[in-house]
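Undergrad: Could you work out the structure for the sequence below:
(one chain, ligands or ions: 1)
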Amino acid sequence: MTEPQAETVRLEQLWEGSFGDEYTERNLGAYAARKSFWDELLAQHTCARVLEIGCNCGGNLQWIARHVRPRNVFGVEVNASALRRLHEDLPEVNGVHGTAKELPFRSSWFDLVFTMGVLIHQPDSSLPAVMAEMVRCSRRWVLCGEYFAETVAEVPYRGQEGALFKRDYGAILQQHFPGLRLIERTFRGPDQGWDDMTFWLFEKPVESRSTEDVAPNPMGQARGRTLRDKDHPRD
Ligand SMILES: C[S@@+](CC[C@H](N)C(=O)[O-])C[C@H]1O[C@@H](n2cnc3c(N)ncnc32)[C@H](O)[C@@H]1O
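TA: Here you go, the predicted structure:
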């Protein structure tokens, strides 16, 4: 049986390598229909700083950057070729190389932290840490758009074992963070530009929203990671 930690690393390496490169190339044309989702969400919930975990080449961030100053839009991604595309296509947006289980940002820096189709690719061993990082880095909104199942179900994915899981991600988040308030749960299918995704939008309790300090950059909690020059914010 694979050690839990080894399983986390195996999946990170899978996405880092040619499997992730091919995903990026295959999906380049898949993001146009997502505009209305972001227009609606960000009209309802104003955000000054947004972070996507597992942003790939910026299929969501391109639309977010129309509502939020691009220099305040961040994405963390483990695949370098996806990040290169992001840097080319959205040079004002901050694409940071890193893994979801250990985010290089200070606590409560972002108004919104979200995943889309990323928690589904986390093994049991890293899911709690990834969720904890999402909640830690958000000041207010936590959003995930993932595949739903009442009980955990592995889905075969492109010949890889243990690489995609449907779960009740909203329930798991609330179980780990009972203070989160569910604002809405919605579903969007292929006719709306999404691949049968369930979206859970949560709000953090007011008392846990204050930022830890007031230094004007988001990297206060970089935890020893070396960030490339390109990754630093342009403050
Ligand atoms: C299915 S894609 C979704 C991309 C994007 N969020 C979207 O909505 O189109 C999953 C993305 O998450 C990245 N990813 C997977 N596991 C990750 C991890 N542990 N840390 C950081 N990025 C990860 C992959 O490289 C890939 O770009």
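Undergrad: for this protein, what are the low-confidence residue spans?
TA: Counting by pLDDT under 70, the chain has low-confidence residues at 1-2, 210-217, 220-235.
Undergrad: So which residue is smack in the middle of it?
TA: For the chain, Ile53 is the residue whose C-alpha lies nearest the centre (C-alpha atoms, centre = their mean; 2.4 Å).
Undergrad: So Val76 is in contact with Val50, correct?
TA: No - here Val76 does not reach Val50: they are 11.9 Å apart, not a contact under C-beta atoms under 8 Å. Glycine gets a C-beta too; all of them are placed from N, C-alpha and C.
Undergrad: ok, so what distance separates the residue nearest to the centre of the chain from Gln122?
TA: Distance of Ile53 to Gln122, given as C-beta to C-beta, to the nearest Å: 10 Å.
Undergrad: Overlap of the contact sets of the two?
TA: Jointly contacting Ile53 and Gln122 under the rule C-beta atoms under 8 Å, 6 or more residues apart in numbering are Ala100, Val130.
Undergrad: For the residue nearest to the centre of the chain, list the residues it contacts.
TA: Applying C-beta under 8 Å, 6+ apart, the residues near Ile53 are Gly75, Val76, Ala100, Leu103, Val113, Phe114, Thr115, Val118, Val130, Glu133, Met134.
Undergrad: The ligand next: which of those are close?
TA: Of the residues in those, proximity to the ligand by C-beta under 6 Å from any ligand atom holds for Val76, Ala100, Val118.
Undergrad: so of those residues, which ones are in helices?
TA: Among the ones next to the ligand among the contacts of Ile53, no member falls in helices (criterion: DSSP state H).
Undergrad: before we move on, back to that, would you list the contacts of Ile53 in a markdown table and tack on neighbour count?
TA: Shown next, in a markdown table, are those (neighbours: other C-beta atoms under 10 Å):
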| residue | neighbour count |
| --- | --- |
| Gly75 | 25 |
| Val76 | 26 |
| Ala100 | 25 |
| Leu103 | 29 |
| Val113 | 29 |
| Phe114 | 25 |
| Thr115 | 25 |
| Val118 | 23 |
| Val130 | 24 |
| Glu133 | 24 |
| Met134 | 25 |
